[in-house]
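Asks: Following is a predicted model, sequence given first.
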Amino acid sequence: KNKFKRPVSVKSVIISVIIIAAAIAAVLFISNIGFGDGFTTSYSADSKVAYRTYGSDALQYTKDGVTYYNRSGSPVWNDTYSMTSPIAVEREEYTAIFETGGRSVKVYNEDGLLYEAQTQDTILSVTIAENGYTGVITNGASYTVTVYSSSGNMLFQRIEAESGIYPLCCELSPDGEIIAIGYIDTTGVEIKSKIGLFYIKSDVGADYTDSMFGAVEKDDEIIFKMYFMGGNNLVAIGDRHIISISSAGVEEDSVEVTNEIMGAGLCGGKIALIYGDELPDKEGQPPGTIVFVSSGGKLSVGDSVETETDYFAVSDGGIVVGSGSSYYGFSNSGKLQWSITTAGNVTGIYPTSSVNKCVYTTRTWSAVVNMNNFDPDSYDPNAAANITENTEDEGFLTETETLNNSDENVEENTEGSAEQPESTENTNQS
């Protein structure tokens, strides 16, 4: 679960929160998918398929590589790698794929691979900026924070040699001028968090020690995620507070958190959170409540499913949360739009530019569907011959083409599936 509870030991804090922060980053799937309702694809059960959408196109990534599909469902380009559990983080046109504990980050845009960054030490977390800059935290003999340009050149590197203080997360400003690094400080009796703001370019930061022009400290706090909002203003998400920091590196506001935070991501220009149980010493919201954070750090509350969740995915168009085999879709204003009970084989439901249209993904097949009238059983290959496997190019097939297959013509349609039909436009634009 993407769940943030106060840990019982320093070691568990460092390990658990780093993994959680990477997992939260992995749920950012933003933009519109244009395959049209009903396109499906099937694959082997060990593929670990997930999606990142690009307007009317989509990037499918698995443990073995990525494939970029155009709006008709035809593969345009692909790239291979080998990762046990790939994670995708994205911003605007850029996508970075890595795995926690790996030593490689691959950065893509709509045209293909931009660069691959190889690290000497194992990767803890990755972030990417709107201009394509990538921030990478690694751990070996010491912790290191590195920034790469959109062409893969190293722009900034900071080796954290101070014992007991560890970088937990980082965030890059949209213009690529600033990196914010969130640290956890275990040197005292109580855990504290520190946020340092550094100029990425050495000539800009020449007048400051180590290029650091601002710093904020919070006692008894774990900062696990940060976002630049409204230019170079920073919002830091902690387990006790949500802190707003100005572009000058000064704390401007702090709002108390009343519930455990089960997930966080960008949604329609705001930060979307999903709340878990109330904190022991607080009176908060019901579990499963959607909460938005504005650029100034102010909170607004949306609808609630009133149960603790274990899945969270966001796009500009909305939010999908899950609790066991039940899933719920919220608009980007926090209103509940749909709910569905699955058979338990779902690995992800990824909202597009409208939360009513999602990429419904299982271990062996995926479908782009309208969630308001979607029946998972109608896409179950064990219940009906409605998915044509295309192992050669893994293209997408239309609902009309697959659902109209009778027992007599399934084989014929399978052989002719290389000719992909045009999809309909996605009219559910937000």
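Replies: Here it is on my side, so go on.
Asks: Can you show me the helices along the protein?
Replies: Under the criterion DSSP state H, helices of the chain are mapped to 10-25, 399-403, 410-415.
Asks: Comparing these by mean pLDDT, which bottoms out?
Replies: Lowest mean pLDDT within those: helix 399-403, at a mean of 29.
Asks: mind listing what's buried in stretch 216-225?
Replies: Residues of stretch 216-225 classed as buried by neighbour count (16 or more other Cβ atoms under 10 Å): 216, 218, 221, 222, 223, 224, 225. (C-beta placed from N, C-alpha, C; glycine too.)
Asks: what number of residues lie near residue 101?
Replies: Using other Cβ atoms under 10 Å, residue 101 has 14 neighbouring residues.
Asks: Number the residues from 14 up from this point.
Replies: Happy to do that; since the first residue is 14 now, the last one works out to residue 114.
Asks: Quick check: it touching residue 138?
Replies: No. In this structure residue 114 lies outside contact range of residue 138 using Cβ atoms under 8 Å: 11.1 Å.
Asks: Surely residue 259 and residue 246 touch.
Replies: Yes. Counting by Cβ under 8 Å, residue 259 does reach residue 246; the two are 6.0 Å apart.
Asks: Specify which residue of those two has the higher count of neighbours.
Replies: Shown here are residue 259 and residue 246; by other Cβ under 10 Å, residue 246 has more neighbours (18 against 14).
Asks: What residues are bridge-paired with that one?
Replies: residue 242 (DSSP bridges).
Asks: how far away is it from residue 217?
Replies: 18 Å (Cβ to Cβ, to the nearest Å).
Asks: And residue 99, by the same measure?
Replies: Applying Cβ to Cβ to residue 99 and residue 217 gives a distance of 34 Å.
Asks: Between these two, which has more neighbouring residues?
Replies: residue 99 (21 against 14).
Asks: Contact partners for the more buried one?
Replies: By Cβ atoms under 8 Å, 6 or more residues apart in numbering, the residues touching residue 99 are 61, 63, 74, 75, 76, 110, 111, 112.
Asks: swap the cut-off to 6 Å and go again
Replies: 74, 110, 112 (Cβ atoms under 6 Å, 6 or more residues apart in numbering).
Asks: ditto for residue 286
Replies: Counting by Cβ under 6 Å, 6+ apart, residue 286 has contacts 274, 277, 304.
Asks: Of the buried residues of stretch 229-238, which is the nearest to residue 152?
Replies: residue 237 (16.4 Å; Cβ to Cβ).
Asks: Between the contacts of residue 286, which sits nearest residue 67?
Replies: Using Cβ to Cβ, the contacts of residue 286 come closest to residue 67 at residue 277, 22.7 Å.
Asks: Residue 289 versus the closest one, what's the distance?
Replies: Distance from residue 277 to residue 289, by Cβ to Cβ: 12 Å.
Asks: Please apply the same query to residue 213.
Replies: 35 Å.
Asks: the more surrounded of those two?
Replies: Using other Cβ under 10 Å, the more surrounded residue of residue 213 and residue 289 is residue 289, with 25 against 21.
Asks: Residue 271 is in contact with that one, correct?
Replies: No. With contact defined as Cβ atoms under 6 Å, residue 289 does not reach residue 271; the gap is 10.8 Å.
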